[in-house]
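S.K.: Quick one: sequence plus predicted model below, questions after.
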Amino acid sequence: MPQIKENIYTKNIKTLIENNIVQNKVRNSEEERDKLITNWNIGKEIVNAYNEDKIRYGNSYIKELGIELTNLYGAGYNYTSLTRMKKFYLLFPNVASLTQHFITWTHIVNILPIKDKSKRNYYINLINKNNISVRQLQEEIKNNAFERLDDKTKENIEIMRKDDTMNIMEFIKDPLLIDLQELKDKELNEKALKQAILKQIETFLLELGAGFSFMGSEKKLKVGGKFHYIDLLFFNVEKDCYVVIELKIQDLKKEDIGQLQFYINYIDLELKKPHHNPTIGILICRKGDENIEKYLNTDNIKITTYQNKKSIGQKTTKSVINKAL
């Protein structure tokens, strides 16, 4: 077995691993947090070793260290894992911002290949705010969730603290992906679109963004002697407000905005509590219209579109999860 020369960084790395093993035996509830911090600190020690003597260490150091640590502690410390830890330290200099939430090492492994900082931070915030699983994270990345944000929103996204509030209007995607595979084009109407959303409500909530809770469909409003019906009603805990959603399978019309504003005003007057923030509305249509939207002078309405989401097969891609454990 190749044996690297023992140095202070190698000793520190072994101490970090051994301390983490001991701590996790007595503190199972904090195992993932400890693993995250340990791996970050291992990455730091590797970088320190490399910076001290670039010619002597470099990748050869990581390779030889990986062999030694794998024999001592298992496959979780092989060359691939150590390389990830080094990258983890370099990409996230403030590990404390990650340990406020339930982010696992496997989450991080899926985010490390992302080159754009704002994109990485977006998915970190998505994990923080929605507590999504690794599989859900992989799905969001695969479906280009970040790319479907407004261009201005995608600029300079920072990692949010636990008590930070997300601007939900900025983080609503366009288009929203809805699985309509069971519907033929001629069968698609507003009722069918709504039923498709209700069947996949958990996925749809994630499409909308952070903090959405479903309150009901076909919410009945009585105005004078007539009844009106809101397609979908939600509440958002980030914004502390009701969210009215109207569905249109046609292109945007100016009348659609007026209808949505009417529903928003009704909720504000009849349902909203004094401590709630003003109601907001989301109009989901087949296609927007810039000529209409430029006259929309309110910040409580968001216009977005929907797109048929292709069915995702059950076959799992080559897993990164086993390598990360």
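M.R.: Sure, I can see it.
S.K.: Might you report the residue contacts of Ile127?
M.R.: 101-103, 107, 137 (CB atoms under 8 Å, 6 or more residues apart in numbering). To be clear about C-beta, it is placed using only N, CA and C from the backbone, and glycine gets the same treatment.
S.K.: which one of those is nearest Arg161?
M.R.: Nearest to Arg161 among the contacts of Ile127: His101, at 9.3 Å, using CB to CB.
S.K.: how far away is that closest one from Asp289?
M.R.: Using CB to CB, to the nearest Å, His101 is found at 39 Å from Asp289.
S.K.: ok, the two, which is more surrounded?
M.R.: His101 (18 against 14; other CB atoms under 10 Å).
S.K.: ranges for the helices of the stretch 151-300 of the chain?
M.R.: 190-199, 201-208, 254-270, 290-293 (DSSP state H, counting those that start in this stretch).
S.K.: Same list, those helices, but as JSON lines with mean neighbour count please.
M.R.: Converted to JSON lines, these look like this (neighbours: other CB atoms under 10 Å):
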{"stretch": "helix 190-199", "mean neighbour count": "16"}
{"stretch": "helix 201-208", "mean neighbour count": "18"}
{"stretch": "helix 254-270", "mean neighbour count": "16"}
{"stretch": "helix 290-293", "mean neighbour count": "12"}
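S.K.: Let me have those in JSON lines, adding distance to Phe234 as columns.
M.R.: Shown next, in JSON lines, are these (distance: least, CB to CB, whole Å):
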{"stretch": "helix 190-199", "distance to Phe234": "11"}
{"stretch": "helix 201-208", "distance to Phe234": "8"}
{"stretch": "helix 254-270", "distance to Phe234": "11"}
{"stretch": "helix 290-293", "distance to Phe234": "22"}
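S.K.: Turn those into CSV, columns for distance to Asn130 and mean pLDDT.
M.R.: Converted to CSV, these look like this (distance: least, CB to CB, whole Å; pLDDT from 0 to 100):
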stretch, distance to Asn130, mean pLDDT
helix 190-199, 18, 92
helix 201-208, 6, 91
helix 254-270, 24, 95
helix 290-293, 28, 90
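S.K.: count of neighbours near the nearest residue to Arg33 once chain neighbours are set aside?
M.R.: Nearest residue to Arg33, sequence neighbours excluded (CB to CB, 6 or more residues apart in numbering): Thr99, at 5.2 Å. Using other CB under 10 Å, Thr99 has 16 other residues around it.
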